[in-house]
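Engineer: quick one, fold the following:
(2 chains)
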Amino acid sequence: GDSVTQMEGPVTLSEEAFLTINCTYTATGYPSLFWYVQYPGEGLQLLLKATKADDKGSNKGFEATYRKETTSFHLEKGSVQVSDSAVYFCALRTNNNDMRFGAGTRLTVKP
Amino acid sequence: GAGVSQSPRYKVAKRGQDVALRCDPISGHVSLFWYQQALGQGPEFLTYFQNEAQLDKSGLPSDRFFAERPEGSVSTLKIQRTQQEDSAVYLCASSLGQGGAFFGQGTRLTVV
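Structural biologist: The predicted model follows:
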């Protein structure tokens, strides 16, 4: 079935470092792809999305490009801040409309 | 309300007890999802509704789990004869169309 595999964590970076969190997917058809973020003590929030190949989703300095040829949707940010410390989840929405999530990657940014 | 509301926020159940978890989605949202999230893990899909129709229940772990959404709005996830392995955070999410889903704060279930 449709699924998402994301880079295992945890990831620890210094402030202003470059961030990449890898995500690849397996799906029939053309799913929509998402990144969600869960800050400590809070619920899941949609960070960005892309609905078709070559689309780039962006928000709060984060970006991810829907790459059909590599079935990937890697999350990037050029300069992370302490406030970006959270758990990041890659997800896809299948052709049946249900959503599947990766296991999550915990990011800690140190000052 | 402005967001997805779940109740209760916390539930402690004795093993063997039945529990019911409620989800109030964002008004007008057609799609509703239930997920189970164990500590340190990603949300695991349980079931999906489109309006009142349960289109996918492939993620329900056993026949002790039952979900309904009789009027296409509020949904209830029921777990019968709870067991310790049912302890987790149960998340509800809703969406309007093909876009991203909005999540509630979850219900943390602890079975003792």
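Engineer: so, in contact with chain A or not, stretch B:84-97?
Structural biologist: Yes. Stretch B:84-97 reaches chain A (Cβ under 8 Å from any Cβ of the partner chain) through B:Leu91, B:Ala93. Using the backbone N, CA and C atoms, a C-beta is placed for each residue, glycine as well.
Engineer: how far does that stretch sit from the chain's center?
Structural biologist: 4 Å (Cα atoms, centre = their mean, to the nearest Å).
Engineer: now stretch B:22-42
Structural biologist: 5 Å.
Engineer: what's the nearest residue to the residue nearest in space to the middle of chain B if we skip its chain neighbours?
Structural biologist: With distances taken as Cα atoms, centre = their mean, B:Trp34 lies nearest the centre of chain B, 3.6 Å away. Distances taken as Cβ to Cβ, 6 or more residues apart in numbering or on different chains place B:Leu46 nearest to B:Trp34, at 4.2 Å, with adjacent residues excluded.
Engineer: circling back: ok, the residue nearest to the centre of chain B - contacts?
Structural biologist: B:Trp34 is in contact with B:Cys23, B:Leu46, B:Thr47, B:Tyr48, B:Ala67, B:Ser75, B:Leu77, B:Tyr90, B:Leu91, B:Cys92, counting by Cβ atoms under 8 Å, 6 or more residues apart in numbering or on different chains.
Engineer: max pairwise distance over these: which two?
Structural biologist: B:Tyr48 and B:Tyr90 (14.4 Å; Cβ to Cβ).
Engineer: my guess is A:Asn97 contacts B:Ala53, does it?
Structural biologist: No. Look at A:Asn97 against B:Ala53 with Cβ atoms under 8 Å: they stay out of range, at 11.3 Å.
Engineer: which of the two has more residues huddled nearby?
Structural biologist: A:Asn97 (17 against 9; other Cβ atoms under 10 Å in any protein chain shown).
Engineer: what's the local residue count around the closest residue to the more buried one other than its chain neighbours?
Structural biologist: Excluding the flanking residues, the one nearest A:Asn97 by Cβ to Cβ, 6+ apart is B:Ser31, at 6.3 Å. Residues lying near B:Ser31 (other Cβ under 10 Å) number 22.
Engineer: give me the beta-bridge partners of B:Ser31?
Structural biologist: Beta-bridge pairing of B:Ser31 under DSSP bridges involves B:Gln50, B:Ser95.
Engineer: confidence score at it?
Structural biologist: pLDDT for B:Ser31: 93.
Engineer: tell me which residues touch it, please.
Structural biologist: A:Asn97, B:Tyr48, B:Phe49, B:Gln50, B:Ser94, B:Ser95, B:Leu96, B:Gly97, B:Ala101.
Engineer: quick one: it from B:Arg64, how far?
Structural biologist: For B:Ser31, the distance to B:Arg64 equals 25 Å [Cβ to Cβ, to the nearest Å].
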